[in-house]
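S.K.: prediction below, plus the sequence it came from.
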Amino acid sequence: MARPRQIWQNRVESDWTLGIIRDTARTGIPVGGVYNAIDMLLYKPGVAFKRGGIIQGTFAAGSGTGLIATLYANFPGIGGQLIAVTGGTFLVDELTESARVGHGVITGFTNIIDPPTLFVGGSQNVVVFCDSTGTKIPWFYNGGDDVQEFQGGNSGAPGDYSLAITGNPTSGAFKLAAQDLVSGFSYVTAAIDWDASFGDVQTALEAAAPNTFVTSGGDLPGTQITITVPTDWAVSVLPAAVSGVSLGGGTDPKISLGPVDGTSTGVPTAIHSTVHLQRLILANSSVYPNRLWFGPLLNPTGGAWNMAESWWDMDAAVSGMASLSNQLLVFSYDTMWRIIGDTPPPGSNMTLEPIGHVGCTDARSIVLLEGQCIFANPKGVYVTTGVGYESLFVRPDGISTIESYWQSLFDGYDPATWTISCGLYGRRFLVVTLLDADDTLVKTFLCDLSRRAWVELTQPRARMYANVFGSSEEVYAATMDFSYLMKLGGIFTPLYANRNDAIGAFGCSLETRPLAYSPGLKAFGDAHLSYDMRATDTGNKVMKTDGTSGNAYVTFDLLSNEPEVWVTARLRFSSAARAFWDAGNPPTLMVLDAPIDIAEIFTVGLPGDGYGSANDAGAAGNVVAGTWATVEYHYENGVIVEVYVDGNLEATGSEPSAGGYGDEDVSSLLIGQVQIFADAASIVYYDYVNMGTTQLGTDLFSDDFSSGNLAAWTSTDGDVTVVADPF
Amino acid sequence: MADLAVYVSVGAESGAYVLVPESPLPETSAFARRRLTVSKDSECVSFYFFQQFSTARTEIYALEYDVRPYQPDAEGV
């Protein structure tokens, strides 16, 4: 009897969200995994897509060999600054998209292998830079002045300290800070001349802190002056950026204060820095590689570092530090500890506890994410909350992903010369770059932290990343390829405009797992690939409203009146438009209309002038010119009126009450420029307009303008067109 | 010129990929579904997609494939 013929089975592979799986035989790769994916992003269920380009993110820094360090520093009272340090020349530059502001040069450094630390506290808001050798005093930048050395030094324990000047100055002055170690208060002296006598120094100290210090010796600058420091007091030399005065003439004149035997600078010559409990922590000098020092409270540049007593020795050389909410994480190459307590030595209540025998071999891999610390070594990439740790190569369901692949990349690894750097984007994506001793890119990986799923990227060749959090999240890379920072955010939104990396064109590849693997021979017939691949413009369309001659808007009439609606739209305008509107010519950019009185029941006016007129909150909003912003309305008849910009609540309606403007159900939506003052600059682009009865809803209306026309709308008024996205 | 090369390999450990006859797949102006001739006998197949040049968009939505078990006697059972 003939056996029935086996029939064709049609199967589909359409989910790759587990990313690359290498810790198993190919046949063991589970559904959702792939063998390899290079420059293909897999985090969206149902689609694998080629990433967008990694492009120039800032203006170029000054001359040097690439960039070796970067940090986003949000200075209180000043604002966020992207700071970069050039390779070889150690220029400290503040970079924006269109400009470079030089902030001096760090001299004497060999390399920077620890991410700069932003210290914010009291009057001390500074970025701290450490040299890689452990033999140099750190430098700092205060958000405006030139970068400068933690020069001067200070006293530690009570005793005699020597005040000396080098570099043969011929003018200028300096200041000292007398610190009461019991109360924490500092008392700054008046300016002391470059050629002051010991009596002059005594007078200055006496005026700042009476009956405290005693001086002896001769006249500066030729002769050192001895300062006798009593119990519970300290004295330090204030850096010029803090004191406002400096020495002049001569050759790089400096003033120093240290033990009379000259064995200490008074400031640790550390490789690593962090901030914990409002103190700057420095660690790993060439003499004491296993030591970390606790700086003075709130005042790292002007306060006295108690070098003699305020330190902690670990069991191994410190390779990195991170501050979590109530604990200081300290790493060596193979161990991780936590220090708990809030009073550093002397008289400390701190305790040292081991977390695990897994370490961090490169401080540039350390990033913080919502109470967790991510770090890396040749064995893996890990995350800890300070209690235990987990490998990011092991998914929560127990599937191991690329641990063996990662470990295979470290042939010849030397933590002193290789680089492992990490960056974070959108609190979800971790980028990890491995460079060898020649700064050759070994691999860059991207991890979707929500799934612990990994893919490979061909760029960037990053030495360090700067993570920007807030309203516009971004991650910038300091690379050896360019003198500007590159930004990675565009990889998630591929467009024609960013089809290339800054370094050139790139392709992509995807290698599947063995499909239909099971025992037994099978016949494979045809396959079908569903794809969309476009070399040129992706066809992304937007609506352009041109207010050169007057109103320019579209209207959609709802089928029924709605008591509650959410409207979401992306919009963008130029700084020229913003300037025109700010000059007293405000437009209305969106309108909800009611059926009875045709006046608008809610409007969004221009940023900076409040959202609309008397019928809404009037709170100042902030849509930044030159960037796309997502604006959301929420209107509920007689209940609430709200406006969100990029997820932040910007305004709340003031009259959503009976009889007021808010006492109507919504009958139509107007998008564009309504009741405007005509001007050539008044051009606004819109995209992804949605209207629903719930937040982000589309049940009432939706148009992304991909149709190329405005047929979805009820009517148009003025110069309104659908155009290719010009951005 | 954008195109997408498509390779197929048989066997559990793959490695030796060969181009399918329809490769390379051309660029599209919209979503497209294209046939790929596999015609292999094996316990499994792997696919390798490779694009060399830059594109404004490359999205892969689904890979469908037809498979049919052999009769046990085809393997001597």
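M.R.: Looks like it came in fine. The model shown is predicted, which means the values in this text are computed figures rather than measured ones.

S.K.: what is the neighbour count of the residue lying closest to residue B:2 once chain neighbours are set aside?
M.R.: For residue B:2, the nearest residue in space outside its immediate sequence neighbours is residue A:535; the separation is 3.7 Å by C-beta to C-beta, 6 or more residues apart in numbering or on different chains. Yep, even glycine has a C-beta here, placed from its N, CA and C like the rest. A count of nearby residues for residue A:535, using other C-beta atoms under 10 Å in any protein chain shown, gives 19.

S.K.: now swap in residue A:450 and tell me
M.R.: By other C-beta under 10 Å, neighbour count at residue A:450 equals 11.

S.K.: quick one: the residue nearest to residue B:2 and residue B:27 touch, right?
M.R.: Yes. Proximity of residue A:535 to residue B:27 meets the contact threshold set by C-beta atoms under 8 Å, at 5.0 Å.

S.K.: now do the shared contacts for these two.
M.R.: Jointly contacting residue A:535 and residue B:27 under the rule C-beta atoms under 8 Å, 6 or more residues apart in numbering or on different chains are B:2, B:55.

S.K.: CA atoms of stretch B:55-66 as PDB?
M.R.: Included here for stretch B:55-66 are C-alpha records, laid out as PDB according to Å, rounded to 0.1, in the frame of the first residue of the first chain:
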ATOM      1  CA  THR B  55      20.600  52.600   1.000                       C
ATOM      2  CA  ALA B  56      18.000  54.900   2.400                       C
ATOM      3  CA  ARG B  57      16.000  52.000   3.600                       C
ATOM      4  CA  THR B  58      16.500  48.300   3.800                       C
ATOM      5  CA  GLU B  59      13.900  46.400   5.700                       C
ATOM      6  CA  ILE B  60      13.300  42.600   5.800                       C
ATOM      7  CA  TYR B  61       9.900  41.700   7.100                       C
ATOM      8  CA  ALA B  62       9.600  38.000   6.600                       C
ATOM      9  CA  LEU B  63      11.300  35.000   5.100                       C
ATOM     10  CA  GLU B  64       8.800  32.300   4.000                       C
ATOM     11  CA  TYR B  65      10.000  28.900   2.900                       C
ATOM     12  CA  ASP B  66       8.400  25.700   1.800                       C
END
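
S.K.: rounded mean pLDDT for that stretch, please.
M.R.: Computed over stretch B:55-66, the mean pLDDT rounds to 94.

S.K.: quick one: contacts for residue A:203?
M.R.: Residues near residue A:203 by C-beta under 8 Å, 6+ apart: none.

S.K.: just residue A:141 next, same as before
M.R.: Under the contact definition (C-beta under 8 Å, 6+ apart), the residues listed for residue A:141 are A:83, A:92, A:103, A:104, A:126, A:127, A:129, A:147, A:148.

S.K.: what's across from the most centrally placed residue in chain B in the sheet?
M.R.: Chain B has residue B:47 as the residue nearest its centroid, 4.5 Å off, counting by C-alpha atoms, centre = their mean. Applying DSSP bridges to residue B:47 yields these beta-bridge partners: residue B:8.

S.K.: my guess is it meets residue B:4, correct?
M.R.: No. When contacts are counted by C-beta under 8 Å, residue B:47 is not listed as touching residue B:4 (11.2 Å).

S.K.: ok, and what's touching the helix or strand where residue A:72 lies?
M.R.: Under the criterion DSSP states H and E, the helix or strand holding residue A:72 is strand A:67-75. Here strand A:67-75 makes contact (C-beta under 8 Å, 6+ apart) with A:61, A:80-87, A:111-112, A:115-116, A:118, A:120, A:125, A:127, A:129, A:143, A:463-468, A:470, A:476-480, A:482-485.

S.K.: who does it pair up with?
M.R.: The strands beside strand A:67-75 in its sheet (DSSP bridges) come out as strand A:79-86 (antiparallel).

S.K.: contacting residues around the partner strand?
M.R.: A:58, A:61-75, A:91-96, A:103, A:106, A:112, A:116, A:127, A:129, A:141, A:143, A:466, A:468, A:470, A:476, A:478, A:483, A:485.

S.K.: which of these are buried?
M.R.: Buried members of these, scored by 16 or more other C-beta atoms under 10 Å in any protein chain shown, are A:58, A:61, A:64, A:66-73, A:75, A:91-95, A:103, A:106, A:112, A:116, A:127, A:129, A:141, A:143, A:466, A:468, A:476, A:478, A:483, A:485.
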